[in-house]
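Engineer: With the input below, show me the fold.
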Amino acid sequence: MAYSSTTQLGPSFVLREFPCWEKATAADMAALKATVANVLQPVRNRWGAVVPTSWKWWRSGCVPRTGAHAGGGSVDFVVPGANLRDVFNWGVANLLPLGYVGRWIYEPRTATQGEHIHMAPRADMLSQFGDPQIMAYVETGPGEYQAVGPQGPIEIPGLTVTVAALPPWMSWVLLGLLGAELAKRAKRGG
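Structural biologist: Predicted coordinates for the structure are as follows:
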């Protein structure tokens, strides 16, 4: 089925906003509508205009994407009127806990790419890589990524914690246990 450039994907998004929209299939449309509803519309509601820079295809030449992008729901995007790192941090706190996003990655400008956020739904991560984990990363160098927690680094005077390679759910458990212990200590007055 051929779709129109003005096909609505959500309250503020139409199909033509996505690179090579003319190639969209019914499955692509379903994946895009879910991404718009769960990620892009909330970002637009909070931060203003959202510009998808790549999706299932690169904008330049309509070259097919690989990896999570091949699933149809993954997008790279920019938010021209906002600090993209602030948008990323907001997404870590507000979008990741909802469970739709599988990967949320801030990628700064490099010699070969522009600054953008990469978002892959859990469904795309599962279908392409068998990985259902929810993770947020900041690209620190070519092919190098640093995991980011939902609240960023936690600093408690006099306490140093170093944790490596924990599954994302374990971070939440440890934060909960730490919070409960601090609440008990505060209640006891010491």
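
Engineer: so where do the strands sit in the protein?
Structural biologist: 8-10, 13-14, 51-54, 75-78, 101-107, 116-121, 135-141, 144-147 (DSSP state E).

Engineer: okay if I get those strands as JSON lines plus mean neighbour count, mean pLDDT and distance to residue 21?
Structural biologist: C-beta: built from backbone N, CA, C; applies to glycine. Below are the strands of the chain laid out as JSON lines (neighbours: other C-beta atoms under 10 Å; pLDDT from 0 to 100; distance: least, C-beta to C-beta, whole Å):
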{"stretch": "strand 8-10", "mean neighbour count": "17", "mean pLDDT": "94", "distance to residue 21": "10"}
{"stretch": "strand 13-14", "mean neighbour count": "18", "mean pLDDT": "95", "distance to residue 21": "9"}
{"stretch": "strand 51-54", "mean neighbour count": "18", "mean pLDDT": "92", "distance to residue 21": "10"}
{"stretch": "strand 75-78", "mean neighbour count": "23", "mean pLDDT": "96", "distance to residue 21": "12"}
{"stretch": "strand 101-107", "mean neighbour count": "21", "mean pLDDT": "95", "distance to residue 21": "22"}
{"stretch": "strand 116-121", "mean neighbour count": "23", "mean pLDDT": "96", "distance to residue 21": "18"}
{"stretch": "strand 135-141", "mean neighbour count": "16", "mean pLDDT": "92", "distance to residue 21": "27"}
{"stretch": "strand 144-147", "mean neighbour count": "12", "mean pLDDT": "90", "distance to residue 21": "29"}
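
Engineer: Would you convert those into CSV that also reports distance to residue 42?
Structural biologist: Compiled in CSV, the strands of the chain are given as follows (distance: least, C-beta to C-beta, whole Å):
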stretch, distance to residue 42
strand 8-10, 10
strand 13-14, 12
strand 51-54, 15
strand 75-78, 12
strand 101-107, 11
strand 116-121, 11
strand 135-141, 16
strand 144-147, 23
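
Engineer: Which parts of the protein belong to which domain?
Structural biologist: By the assignment in automatic domain parsing, the chain contains the domains 8-151, 154-190.

Engineer: thinking again about what came up before, minimum distance to residue 28: which of the strands of the chain has it?
Structural biologist: In this view, those are compared for proximity to residue 28 by C-beta to C-beta, and strand 8-10 is the closest at 10.5 Å.

Engineer: show me where pLDDT drops low in this protein?
Structural biologist: Filtered on pLDDT under 70, the chain yields the residue ranges 1, 150-183, 185-186, 189-190.

Engineer: Tell me how far the residue nearest to residue 50 when sequence neighbours are not counted lies from residue 184.
Structural biologist: Nearest non-adjacent residue to residue 50, counting by C-beta to C-beta, 6 or more residues apart in numbering: residue 44, 4.7 Å away. From residue 44 over to residue 184 the distance is 42 Å, taken as C-beta to C-beta, to the nearest Å.

Engineer: That concludes my questions; thank you for your assistance.
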